[in-house]
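Asker: below: sequence and its predicted model.
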Amino acid sequence: MSDKEKLYEGKAKILYRGDRPNTIIQYFKDDATAFNNVKKGTIAGKGVINNKITELIMTRLSQIGIPTAFIKRLSDREQLCHDVEIVPLEVIVRNTAAGTMSKTYGIEEGTRLRRPIIEFSLKDDDLGDPIIPENHILVLEIASEEELIEIMEMTSKINDYLRGLFAGIGLELIDFKLEFGRLSDGDDGHFLVLADEFSPDNCRLWDFETQEKMDKDRFRRDLGGEVEAYQEVARRLGVSLETEDE
Ligand code: TYD
């Protein structure tokens with residue numbers, strides 16, 4: 001990868017310029033962080049697993065009509081994506097109370113919500129990704145009203161589909177985070193696409209039978225077995241982890 005122009009290095013991924021116009025390459029690292037970078041570590045092989053899980057999820061979502069930035073996987077750790085202008089919002093969906101929601105409201109983790117909740121955080125590490133209400137998003141012109149409506153419609157459809165997909169392999173989709181981007185239409189306009197990744201790094205998955213956590217909470221909470229949990233999610237999804245490089 002050293003000959004590629006590095007555009008940005010984040011906590012779990014590096015972005016390089018792609019070799020086609022208006023593309024980028026997402027390189028998935030093994031680095032793991034939690035609590036806004038306070039806890040740092042690595043999960044061996046995570047980058048390969050998350051790259052391949054993201055490929056599968058993005059491919060399936062595009063098949064149900066969700067436009068995505070994903071183009072194709074290039075190698076074990078790299079995928080080619082459209083270069084998009086990321087909407088600086090973390091779109092969080094909750095089906096069951098856990099994490100911040102449980103802590104904030106004193107609700108026991110695992111309490112099923114009457115209906116899914118979609119909430120937004122401002123994507124800004126320096127500010128600690130604060131929760132941002134819709135009227136603030138509109139007044140601060142972070143996204144337009146039309147965009148917010150579209151983001152919520154797409155997110156709801158993604159949640160319905162993914163809950164079913166994971167339920168089919170014995171996993172309950174507790175909550176997750178999405179990011180969207182604006183993709184140029186080649187003229188003056190742009191349209192919204194699902195961007196970034198979908199992996200056990202940014203969702204909570206609990207085994208229906210054992211209630212075991214199969215996601216990054218194993219790392220956040222020092223539960224151990226994170227490598228095995230990520231591998232098991234990949235295995236149940238039918239994602240091969242055989243190396244294809246070299
Ligand atoms: P949340 O409970 O708000 O935060 P935390 O994980 O710190 O308790 O997270 C809800 C879901 O969204 C969870 O699956 C993790 C994911 N998420 C991210 O991937 N990145 C983020 O920056 C945030 C805030 C959440």
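Answerer: Sure thing, it's come through. Residues are numbered from 1 along each chain as shown.
Asker: make it CA atoms for all contacts and neighbour counts henceforth
Answerer: Noted.
Asker: could you export the helix or strand Ser121 falls within as PDB, CA atoms only?
Answerer: Assessed by DSSP states H and E, Ser121 sits inside strand 112-122. Taking C-alpha atoms only, strand 112-122 is exported to PDB below (Å, rounded to 0.1, in the frame of the first residue of the first chain):
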ATOM      1  CA  ARG A 112     -36.500  -4.500  24.300                       C
ATOM      2  CA  LEU A 113     -37.700  -1.200  23.100                       C
ATOM      3  CA  ARG A 114     -41.300  -0.800  22.000                       C
ATOM      4  CA  ARG A 115     -40.000   0.400  18.600                       C
ATOM      5  CA  PRO A 116     -36.600   1.000  17.200                       C
ATOM      6  CA  ILE A 117     -35.000   4.400  17.900                       C
ATOM      7  CA  ILE A 118     -32.900   6.400  15.500                       C
ATOM      8  CA  GLU A 119     -30.700   9.000  17.100                       C
ATOM      9  CA  PHE A 120     -27.800  11.200  15.900                       C
ATOM     10  CA  SER A 121     -24.400  12.100  17.200                       C
ATOM     11  CA  LEU A 122     -22.200  14.800  15.700                       C
END
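Asker: what's the average pLDDT for it?
Answerer: Averaging pLDDT along strand 112-122 yields 98.
Asker: can stretch 170-189 be found next to the ligand?
Answerer: Yes - legend: contact between stretch 170-189 and the ligand by C-alpha under 6 Å from any ligand atom is shown at Asp175, Phe176, Lys177.
Asker: wait, a strand at the second one?
Answerer: Yes - with the criterion set as DSSP: H, G, I helix; E, B strand; the rest coil, the secondary structure at Phe176 is a strand.
Asker: that one and Ala97 touch, don't they?
Answerer: No - assessed by C-alpha atoms under 8 Å, Phe176 is found out of contact with Ala97, at 11.5 Å.
Asker: next one: the lengthiest helix in the chain to chain centre, how far?
Answerer: Criterion DSSP state H: the longest helix present in the chain is helix 145-167. How far helix 145-167 lies from its chain's middle: 13 Å, per C-alpha atoms, centre = their mean, to the nearest Å.
Asker: and the angle for that helix with strand 112-122?
Answerer: 130 degrees (axes from the mean of the first three to the mean of the last three C-alpha atoms, to 10 degrees).
Asker: helices and strands around helix 145-167, which ones?
Answerer: strand 171-184, strand 190-195 (3 or more C-alpha pairs under 8 Å, 6 or more residues apart in numbering; DSSP states H and E).
Asker: columns distance to Asp3 on top of the ones you listed, output as CSV?
Answerer: CSV is the format used below for the helices and strands packed on helix 145-167 (distance: least, C-alpha to C-alpha, whole Å):
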stretch, distance to Asp3
strand 171-184, 26
strand 190-195, 25
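Asker: tell me which of these lies nearest to Lys216.
Answerer: Across these, Lys216 has its closest neighbour in strand 171-184 (11.1 Å, C-alpha to C-alpha).
Asker: how about the helices in this structure?
Answerer: 46-63, 99-105, 134-139, 145-167, 217-220, 226-237.
Asker: which of those sits most buried?
Answerer: For these, the largest average neighbour count (mean count of other C-alpha atoms under 10 Å) is found in helix 46-63, namely a mean of 20.
Asker: quick check, pLDDT for the nearest residue to Trp206 once chain neighbours are set aside.
Answerer: Of all residues not flanking Trp206 in the chain, Lys213 sits nearest, at 4.7 Å (C-alpha to C-alpha, 6 or more residues apart in numbering). pLDDT for Lys213: 98.
Asker: tell me the contacts of Tyr16?
Answerer: Lys4, Glu5, Lys6, Leu7, Tyr8, Ile24, Ile25, Gln26, Tyr27 (C-alpha atoms under 8 Å, 6 or more residues apart in numbering).
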